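Trainee: Sequence first, predicted model second:
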Amino acid sequence: MDLTIFAILTQDGIASGAVYVLLALALVLVFSITRVIFIPLGEFLAFGALTMAALQSGKVPQSAALLLVLGVATFLREAWTTLRAAAGQVDRGRVLATSFAKFVLFPLVVVFVARSAEGASWPMIAQLLLTFAIVAPMGPMVYRLAFQPLAESTVLVLLIVSVAVHMVLLGVGLYIFGAEGSRTTAFSDAAINVGTLTISGQSIVVIATALLLIGALYLYFDRTLSGKALRATAVNRRGARLVGIGTVQAGRLAFLLASSIGTLCGVLIAPITTIYYDSGFLMGLKGFVGAIIGGLASYPLAAGGALLVGLLEAYSSFYASALKEVIVFTLIIPVLVWRSIAHPQVDEEEA
């Protein structure tokens, strides 16, 4: 390996690592607030990439229909919960009208807009916004349907449910997108030459977007009321409830942020590599390795661990391409051993 190859691999590793950093941060965010190990996060990455690819090819993304199905199911659940509530406890009419607007009318509008995109050549920013409108709202819907009824269960139960949701979404992804992979148009075709190294514009876009999002998340958690409420819920769920913070609402917001981050990762990585319906699972696992390095609690350690995963993957592809996945996932073993020694027992907080 000479200096040029090393620089190329480093560029690829940092670009991939930036995506893994965002995935790791999303996993830590969801786990710290809801105690859910969000395995289906990778499906949102794949759905985002494949939805964007469908829009760019002039097709109607079938994920819009999935949004409508999830929305109707969520509305029915919310309606059932509202009607079972004692009279006077909630304003049933207002709650039902709000739920109908959010979970039925909004998806219907999105489906109508998506169908109008068939055969059209929209600007990339419009395609990006429509992709987020289709995929990101699925996060809180999945939380309402699968995790909210079990919010006070143990981490093990929530993990089993998370695996089940992952398997369902994986099958749905195969059905609506098919087995063929897709790539999207790069956000930037520019290239910067530094000596013998050529830095692609898409890599710069990925890294810059990741840095901007990390900064935005820091400001959100540090400066906004809802961000501080999420931090309080992450520190102590019972204490947050005692001071009037809605932990259920915090869980919904956490899933919305995570699904938005997953969608963003999908549209960022799709111009660099071909994405299949199941590609998100492997990328999500690499983000999970970074999150484990951070103990599913520390954002800086998780980000550093995810960046290390990206670099290790890039260098391994040069020395042992067939074993690069094995090498990357082997990284988790010494981390788990060290944590088992440093923290031999962690008592789960009582609900």
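Mentor: In hand now; what should we look at?

Trainee: Once you drop chain neighbours, what's closest to Gly17?
Mentor: Gly310 (2.3 Å; Cβ to Cβ, 6 or more residues apart in numbering). Where you see a C-beta, it was placed from the backbone N, CA and C, and this is true even at glycine.

Trainee: which residues sit against the host helix or strand of that neighbour?
Mentor: Gly310 belongs to helix 299-319 when assigned by DSSP states H and E. Outside helix 299-319, the residues that touch it by Cβ atoms under 8 Å, 6 or more residues apart in numbering are 1, 5, 9-10, 12-21, 23-25, 27-28, 214, 286-287, 289-296, 323-324, 327-328, 331, 335.

Trainee: Spell out the secondary structure type for Trp122.
Mentor: Assigned with DSSP: H, G, I helix; E, B strand; the rest coil, Trp122 falls in the coil class.

Trainee: So that it lines up with my notes, have the first residue be 185 from now on.
Mentor: Yes, from this point I'll number from 185; that puts the last item at Trp306.

Trainee: which residue is nearest the centroid of this structure?
Mentor: Gly446 (2.7 Å; Cα atoms, centre = their mean).

Trainee: before we move on, the earlier item: can you spell out which helices and strands pack onto the helix or strand just after the helix holding Gly494?
Mentor: With elements assigned by DSSP H and E, the helix or strand that comes after helix 483-503 is helix 508-514. When contacts are defined as 3 or more Cβ pairs under 8 Å, 6 or more residues apart in numbering; DSSP states H and E, helix 508-514 packs onto helix 463-477, helix 483-503.

Trainee: For helix 508-514, buried residues please.
Mentor: Neighbour counts over helix 508-514 (16 or more other Cβ atoms under 10 Å) mark Lys508, Val512 as buried.

Trainee: contacting residues around that helix?
Mentor: By Cβ under 8 Å, 6+ apart, the list of residues contacting helix 508-514 reads Leu466, Leu469, Lys470, Val473, Val493, Leu496, Glu497, Ser500, Ser501, Ala504.

Trainee: List only buried entries from those.
Mentor: Leu469, Lys470, Val473, Val493, Leu496, Glu497, Ser500, Ser501.

Trainee: quick one: the helices in the stretch 185-334 of the chain?
Mentor: Secondary structure of the stretch 185-334 of the chain (DSSP state H, counting those that start in this stretch): helices at 187-218, 225-240, 247-268, 276-284, 290-300, 308-319, 322-326.

Trainee: Report all helices and strands that the longest one contacts.
Mentor: When you say that, I think you mean helix 187-218. Against helix 187-218 (3+ Cβ pairs under 8 Å, 6+ apart) you get helix 225-240, strand 381-384, helix 385-407, helix 409-419, helix 431-453, helix 463-477, helix 483-503.

Trainee: That'll do, ta.
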